[in-house]
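[1] need a 3D model of the sequence below.
(2 chains)
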Amino acid sequence: MTTRTIQFLRRGQPVTLHDVPPDRTLLEVLREDLHCTGTKEGCGEGDCGACTVVLGERMQQAGKDPVLQLRAINSCIRLAHSVDGLALWTVEDLARDPLIAHAAGHPLHPAQEAMVQCHGSQCGFCTPGFVMSLFGLYENHTLQGAPVDRTQAQEALSGNLCRCTGYRPILDAAQQMGDLPPAPLNQSAVLQKLEQLQRERKSVDSESAYQSPTDLQELLRLRADQPHAQVVAGCTDVGLWVTKQHKRFPAVLDLTRVTALRQITRQDGQLQIGAAATLTEAFAALEQHYPELHRFAARFAGLPVRNSGTLGGNVANGSPIGDSMPLLIALNAQIVLASVRGERRLPLENLYTGYRQNVMAVDELLVRIDVPLHATQATAQAGDLHLLRAYKVSKRQDDDISAVCLVLRVAVQGGIVTEATIGAGGVAATPVRATQAEAALRGQPWNAATAQAAAVALQAQFSPISDMRASGAYRSQLLASLVTRFWNESQGHRATTLEQIAVEVLP
Amino acid sequence: MNAPHEAALTAATAQAVGQSAFHESAVAQLKGEAQYVDDVPEVRGTLYAAPILSQVAHGQLHGVDASAALALPGVRGVVLAADIPGDPILAAFGHDEPIFAQDTVQHIGQVIGLVVADSVMAARRAARKVQCDITPLPALLNVHDAHRVQSYVLPPVHVKRGDAAAGLARAGHRLQGTLEVGGQEHFYLEGQIAYALPMEQDQWWIYSSTQHPGEVQHWVAHALDIGNHAVTVQCRRMGGGFGGKETQSGHLAVWATLAARKFNAPVKLRLDRDDDFMVTGKRHPFAYHWDVGFDDTGRITGLQLEMLANCGFSADLSGPVADRAIFHADNAYFLSDVSISSYRCKLHTQSHTAFRGFGGPQGVIVIETILGDIARTLGLDALAVRRRNYYEADPAAGRDVTHYQMRVEDNILLPITQKLEQSANYPQRLKAIADWNARNDVIQRGIAITPVKFGISFTATLFNQAGALVHVYTDGTVQVNHGGTEMGQGLHTKVAQIVADELGVPLAQVKVTASDTSKVPNASATAASSGTDLNGRAAQYAARSVRDNLAAFVAGLDHCGAGAVGFVGGVVRTPKGERAFTDVVQAAYANRIQLWSDGFYRTPKIHYDKTTLTGRPFYYFAYGAACTEVAIDTLTGESRVLAIDVLYDAGRSINPAIDIGQVEGGFIQGMGWLTTEQLVWNDKGLLTTHAPSTYKIPATGDVPAHFKVELFEEPNHEDNVGGSKAVGEPPFMLAISVYEALRHAIGSHHAKQGHAHAPVQLEAPATAEHVLNALQALPS
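    Numbering: from 1, shown residues only, chains lettered A, B, ... in the order given. Got it, this is the predicted structure:
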């Protein structure tokens, strides 16, 4: 089977590639086909960030001018065909792109120059990836006028590992690049060129082994016609099947160009999140209503993975240690499955039937996640409690997989628990709803004894396994500990979490 | 192009040494132009290899069936032990490691052979299809089991001074304890790689990401049964080394060259990250048992210490690593009566190898653990107890000789500690933390200052030599080549600074070229923190020799003594006047004066008796101290490092920015070893943490905003290049302050449960689970 021609924008010019196999990665194309070896492979699984590049996509907004969305992503687990019609920057491009206006006497991009001045590179192997994450930060924040603080810098670089520097000089560079003469990307010129690329793009090539339809019905028809095609969105897990499990995909069906699946809309008291919205976009929408989720969102993988991976992908993939599902379960989210035969809606926790197994038919796709927007503490009546907490325990704070993820949402009115919803990850073969603990809470007075009863019920419901992340006994103990933490937070106790300490007691 | 660093360097002051010059490759690295082995343009016809790995920890290997692999498209063939023309055993120090497993396999991940194919992925796919016929045998997977059955890669070593038993007997207090400390994966960002190219007349050119090109050359020649002179190994830079490319890179090069020989084609072997974890050795995990006696002030009167080093299946560098653990079991402390037994245990795992600190961290952590518990037992401040045990600078006190009979002559630890104690505000913070902990229960804070005293030199005296070449060209530019390798530590930058000053030329006029066995032969590994000490001096001598030639020539022109000729800032001065350096060079060339030279250096004063483990193994000591504050969550065991203050002794720093970078990087790497980096082998001997998804090195979020590193500027008491001191390894051990601060916080929780004086049993790394275990492990 043939594949369609790939065209993307680089240094202001279209790059054309023919006959690229559907399962070839972007990094392979860059290093092996284009001989651009500036971008490095560190791990081949999206965990170290050495392969980070920046993608630019023309995003249509209803009733508004299109905007250029720039995001740093991992090229090692991204399929090459997915950049068709987009703009791409690698580390080699920043000093060479004619669409970046360098200040006179500053041939390097500020992200690069700040790194030199801060002594931010030692062995230099992670450096290209850091530069590209910094480039994304520069365009998305620095140039928007707001100074980058240390926390923003840290979150923007959460998906890049360095083994030499200890990060201090790199975090300094992230904050200081804004002090250099600006070198803005001419985004409107990029948008124009992308529009031109899109116009020239053949609408459909039904013979291609890599299909990326733009229309939902077309997508569902292709899904029905080609049940064996590998479905991908951000490819942050499927990419590893290629690089690590050496799977081959004769045919690939890419969801990310379907406009309807990229949309996030707020209506009827809920957030409707298209399955192909990136995790970055989905969490941003959730945080608007639930700002308390910010830290949890920032700890979900690293930024390049959140920029590529989708909420629908995380849900459909169904890993027992995926972090979005415990949250969505606690928020009582519903999912929408669609096929040429029609749509059906079900509670998220009912999607899973076993380890990475679900109720989806071969022709069905997950197309939307509906997240209710519950009352929050900000708008609560005096004396009432609306507390949502997403807890994640892992070996490393950032860019790690949970040993246990526990998300609790409790509403208390007149001293009585009126709502209690709890999602748990890392404690069973699938993400699960902690029904027994919910039952132990609902209708009870909100006090320490009730919290204790919920902890006991949680431990009774789950018998977690031992693996390289944690022992089963530890996981079980965490379930109770995290309920205690939730109780402490509900009582407004100060100094009961490390997050509070880190800002409170610095010397 | 006038890059910012080049502009800065052109405008540099007359002296380059002492300036924070940018890394010589910084701009190239930032632009993606710096070449690593996998970036070298490939020669036409290059093939790619992937390793065939044992899936059994210990077993008899009966045969290899590659038919399924050979049937795949693009596969050229396999390389097995039978394809080795020379010795099938690697030319490693212990001569106990087969190049490819033959007859037996000794760990999961041991390389049995290679598949060679037209593409990287074709080779990797095919390698998984190779069937190995293995009958499993019982595997030793626990260091205590190995010790029990006396399974050792090398004989045990015992070092004694005084009478430890008597010291224990007369002690007012006595403590016994055990400690388990995990290993560590290097996680260099650039994985292991070698690219072997056949040249004419059975000669070989090898690009290797290696800290030791000379050893790669020797190993390849040995395996191919040819002379060293037929093999050239080159390394421009590594994407990180940390000890992981001291010996382990040699395996890759030997494998790639055997494949290149069999298929008469260039062969590249780049390990997939997971394979890299499975194949290569790591920092040695250690287990300890100790028995210590001490007086009411916390001064140690006697110590018996048993150290079990998990060496994996072969000796590799385990002997000198375990030796260095013995040499550093005193850290900064005088041990009057001590007996140390070191066991080098053989297990069926990867063969553990060099890693920054080279056994030093495994020596230092146990004595720091002991001192922390002594302080708890007595209810004293841990820093006071540490200082009570410091070596004393005054020889009259009789507390200045190590347990291996080396006098500590350059002891500046007390002034360093005092300065840090003040600058970090330790006494006030200690008090504030105690008050805070009394008022709060869920979160407990902890603080610790720990010192380091680290011996600088290879303990194998013969390695303490180095060579360099300095070439001055007729346009006045300078190339320098030396036996050291660049892995990010800034060695090439420092050497260029030294050479620039020696010739009195701007730093931008000096370039350092790739490490190459055909330029400087028989070079030692770039290791033991000694890269700049050795190669910097050798390059300085080479430059000096050229300068002497030029000085004699100019002296002849101006009729003055050669000593009156000065070289500064690109200008050559005599009492008669000035000339541009380039003009002098051109005139000298026209007069047939030699414009290039070699330089050779060997470290003075050192000697060491391997049989008694006594002598002066180290030229000098590097010192430092760190103050770290942490917080723990007693509900979950999670922790955060809140603040780090470091004072490090780099002597008179050749490049303060680079030295501070080494201190910061070393500290955070050490913090990873002791907190998040956990290697987990399952009951089959399979390493289950074999990728960054499961093995967690520190990320940006683990570094506290308060991370203050300062250099203690005092020139080296010994005559070392520029008055500097080594900086690569010692700061790593300062991260033990993180571990001790965590134990302080755990101890505070114990105190509230009525166990103020109980030792804190914390397994390293201090993962959340291990911290929670320690919180709950109260004495019966």
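
[2] got the residues of the stretch 301-450 of chain A near chain B?
    A:302, A:393-401, A:403 (Cβ under 8 Å from any Cβ of the partner chain). (Each C-beta comes from the backbone N, C-alpha and C, glycine too.)

[3] nearest residue to residue 15 other than its sequence neighbours?
    Because you didn't say which chain, this covers chain A. residue A:8 (5.6 Å; Cβ to Cβ, 6 or more residues apart in numbering or on different chains).

[4] I was after chain B.
    residue B:501 (5.9 Å).

[5] residue B:516 too?
    In space, residue B:516 comes closest to residue B:234 once its chain neighbours are excluded; the distance is 4.7 Å by Cβ to Cβ, 6+ apart.

[6] ok but the one you found is inside a strand, no?
    Yes: assessed by DSSP: H, G, I helix; E, B strand; the rest coil, residue B:234 belongs to a strand.

[7] might you report the residue contacts of it?
    By Cβ atoms under 8 Å, 6 or more residues apart in numbering or on different chains, the contact set of residue B:234 is B:205-208, B:213, B:514-517.

[8] how far away is it from chain A?
    For residue B:234, the distance to chain A equals 17 Å [Cβ to the nearest Cβ, to the nearest Å].

[9] show me the beta-bridge partners of that residue.
    Residue B:234 has the following beta-bridge partners by DSSP bridges: residue B:207, residue B:516.

[10] roughly how far apart are it and residue A:96?
    Residue B:234 sits 29 Å away from residue A:96, going by Cβ to Cβ, to the nearest Å.

[11] what does residue A:81 give?
    Taken as Cβ to Cβ, the span from residue A:81 to residue A:96 is 25 Å.

[12] again with residue B:194
    Going from residue B:194 to residue A:96 by Cβ to Cβ gives 31 Å.

[13] between these two, which is the more surrounded one?
    residue B:194 (31 against 16; other Cβ atoms under 10 Å in any protein chain shown).

[14] for the more buried one, give the beta-bridge partners.
    The partner list for residue B:194 in beta bridges (DSSP bridges) reads residue B:208, residue B:269.

[15] any idea how far it lies from residue A:333?
    Following Cβ to Cβ, the distance that separates residue B:194 from residue A:333 is 51 Å.

[16] can you tell me the residue of the stretch 201-350 of chain A closest to chain B?
    Distances between the stretch 201-350 of chain A and chain B by Cβ to the nearest Cβ are smallest at residue A:246, namely 4.6 Å.

[17] A helix includes that residue, no?
    No: counting by three-state DSSP, residue A:246 is not found in a helix; it is coil.

[18] for stretch B:486-493, give the mean pLDDT please.
    In this model, stretch B:486-493 has an average pLDDT of 98.

[19] does chain A have contacts with it?
    Yes: with Cβ under 8 Å from any Cβ as the criterion, chain A is reached by stretch B:486-493 at B:487-490.

[20] okay, residue A:506: pLDDT?
    Residue A:506 is assigned a pLDDT of 58 by the prediction.

[21] now swap in residue B:4 and tell me
    The model reports residue B:4 with a pLDDT of 40.

[22] from chain A, which residue is nearest to chain B?
    Taking Cβ to the nearest Cβ, chain A has residue A:38 as its residue nearest chain B, at 2.2 Å.

[23] from memory that residue sits against residue A:95, does it?
    No: the criterion here is Cβ atoms under 8 Å, and residue A:38 misses it with residue A:95 at 10.8 Å.

[24] the strands in the stretch 101-250 of chain B, which residues?
    B:104-105, B:111-117, B:131-136, B:152-161, B:173-181, B:193-198, B:204-208, B:231-235 (DSSP state E, counting those that start in this stretch).

[25] ok, residues contacting the shortest one?
    For strand B:104-105, the surrounding residues in contact (Cβ under 8 Å, 6+ apart) are B:54, B:56-61, B:112, B:132, B:134, B:137.

[26] tell me which two of those residues sit farthest apart.
    By the measure Cβ to Cβ, B:112 and B:137 form the most distant pair in the contacts of strand B:104-105, at 15.7 Å.

[27] does the residue lying closest to residue B:470 once chain neighbours are set aside sit in a helix or strand, and which one?
    Among residues not flanking residue B:470 along the chain, residue B:542 sits closest, at 4.0 Å (Cβ to Cβ, 6+ apart). Per DSSP states H and E, residue B:542 falls inside helix B:537-558.

[28] sweet, I'm off.
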